[in-house]
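1. I would like the atomic coordinates for the input below:
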Amino acid sequence: MAFLKKFSIFTLIGGIQSLLQILLLWWLIDILHLNTAITTAIVVIVLYLLKYLVYVSINLMHRKFWKYNAVNLGVAGFYVLAMWLLVDILGWKALFASIMMTGIVFLLRFVLLDRWGMFKE
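-> Just a heads-up that it's a prediction; the model follows:
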């Protein structure tokens, strides 16, 4: 599969997931005042598992669940740590922190998944 097509499909699915993630984090942390680290961890983990199922079902990725997990757990850990730092330590609103961090981890995730051979050719 051509790079541009892979990136476009990845971007569309990731964009939908990212929007959902931002809205959920805003609602759960800023509105309902749930714990930032725990809430972010749960939301990120659930959404990346759902995203994997979508990627495999549309034939974008190989069924290499452990590689997918390795990349995404590392990225998720970075995301949770960064959200905690930005929201709880630096006092940013979760809405703004999650928008910025979602963009950063989106690009990081694509590069790592591509380097690890997860995308079908």
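2. any stretches of this protein with poor pLDDT?
-> Flagging of the chain using pLDDT under 70 yields an empty set of residue ranges.
3. isn't residue 63 right up against residue 55?
-> No - Residue 63 lies out of contact with residue 55 (C-beta atoms under 8 Å); the separation is 9.8 Å. Quick note: C-beta positions are derived from backbone N, CA and C, even for glycine.
4. which of these two has more neighbours?
-> residue 55 (22 against 10; other C-beta atoms under 10 Å).
5. check which residues of the helix or strand containing the more buried one are buried.
-> Here residue 55 sits within helix 36-57, counting by DSSP states H and E. In terms of neighbour count (16 or more other C-beta atoms under 10 Å), helix 36-57 has its buried residues at 36, 39, 40, 41, 43, 44, 47, 48, 51, 52, 55, 56.
6. now the helices for the chain?
-> 3-25, 36-57, 65-83, 94-115 (DSSP state H).
7. what's near enough to touch residue 78?
-> Contact partners of residue 78, counting by C-beta atoms under 8 Å, 6 or more residues apart in numbering, are 105, 108.
8. what's the spacing between it and residue 117?
-> Distance of residue 78 to residue 117, given as C-beta to C-beta, to the nearest Å: 21 Å.
9. ditto for residue 48
-> Counting by C-beta to C-beta, the gap from residue 48 to residue 117 is 18 Å.
10. one more: residue 12?
-> Separation of residue 12 from residue 117 (C-beta to C-beta): 21 Å.
11. so what's the residue count around the residue nearest to residue 98 when sequence neighbours are not counted?
-> Leaving aside its chain neighbours, residue 98 sits nearest to residue 25 (4.4 Å; criterion: C-beta to C-beta, 6 or more residues apart in numbering). If you count neighbours by other C-beta under 10 Å, residue 25 ends up with 25.
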